[in-house]
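Undergrad: how would this look folded up:
(one chain, ligands or ions: 1)
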Amino acid sequence: MTARSLVWGLTAALWLAWGCGGGADDDPVARGRSSYLANCVACHSTNPRLPGPIGPPLAGSSRALIEAKVMRNEYPPGYRPKRSTHAMVPLPHLEPKLDDLAAYLGSVRPASIP
Ligand code: HEC
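TA: Model prediction:
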């Protein structure tokens, strides 16, 4: 009896922790981080505050900037690009991920410019 209630107790605790603990699936920032690590770090740094092997730091990027660059390799009107190159490839299949990517990159404070 005691062992059985212990098992039930643990099961309930795990279920609660999983269901209510804000698992990665519920959190746009966590989902965005996964998308970022899966799709962007070939060129950008795994730490969005730092320059990557090819691409500039992305911390603090706005949704409009991310959308323009990822969908069309363009910039929003009036935006001053960090680089004058056009080496990034558009990744339009990531349209459903734009909100998550923006949530993640918007959550990282840019490194202060010395
Ligand atoms: C093939 C390499 C490559 C990949 C993959 C890549 N980028 Fe880029 N990205 C670049 C380069 C290089 C630049 C600098 C401008 C240029 O040359 O296009 C850039 C610039 C940017 C900028 C503009 C930064 C600024 O403020 O000027 C944003 C935003 C951006 N990338 C977002 C992303 C996101 C989000 C992903 C993943 C979904 C991604 N990039 C994947 C290479 C890449």
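Undergrad: CA atoms for contacts and neighbours, from now on please.
TA: Fine.
Undergrad: Which residue, neighbours along the chain excluded, lies closest to Met71?
TA: What sits nearest to Met71 in space, not counting adjacent residues and going by CA to CA, 6 or more residues apart in numbering, is Pro92, at 4.5 Å.
Undergrad: pretty sure that neighbour contacts Val70?
TA: Yes - judged on CA atoms under 8 Å, Pro92 makes contact with Val70 at a distance of 6.3 Å.
Undergrad: Provide a list of residues in contact with the residue nearest to Met71.
TA: Taking CA atoms under 8 Å, 6 or more residues apart in numbering as the contact definition, Pro92 lies against Val70, Met71, Arg72.
Undergrad: Excluding residues flanking it in the chain, which one is nearest Asp25?
TA: Closest to Asp25 by CA to CA, 6+ apart is Arg31, at 6.5 Å.
Undergrad: Could you say which helix or strand holds the one you found?
TA: If you go by DSSP states H and E, Arg31 is part of helix 28-39.
Undergrad: just checking, what packs against that helix?
TA: Judged by 3 or more CA pairs under 8 Å, 6 or more residues apart in numbering; DSSP states H and E, the packing partners of helix 28-39 are helix 98-107.
Undergrad: still on that earlier bit, in a markdown table, list the contacts of Pro92 along with distance to the ligand.
TA: Conversion of the contacts of Pro92 to a markdown table gives the following (distance: CA to the nearest ligand atom, whole Å):
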| residue | distance to the ligand |
| --- | --- |
| Val70 | 6 |
| Met71 | 9 |
| Arg72 | 10 |
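Undergrad: follow-up on the earlier one: state the distance from the residue nearest to Asp25 to Pro57.
TA: In this structure, Arg31 and Pro57 are 19 Å apart, going by CA to CA, to the nearest Å.
Undergrad: Please spell out which residues along stretch 34-44 are buried.
TA: By neighbour count, with 16 or more other CA atoms under 10 Å as the criterion, the buried positions of stretch 34-44 are Ser34, Ser35, Tyr36, Cys40, Val41, His44.
Undergrad: Neighbours of the residue nearest to the second one when sequence neighbours are not counted, how many?
TA: Once flanking residues are discounted, Ser35 sits nearest to Leu101: 6.8 Å by CA to CA, 6+ apart. Number of residues near Leu101 (other CA atoms under 10 Å) recorded here: 27.
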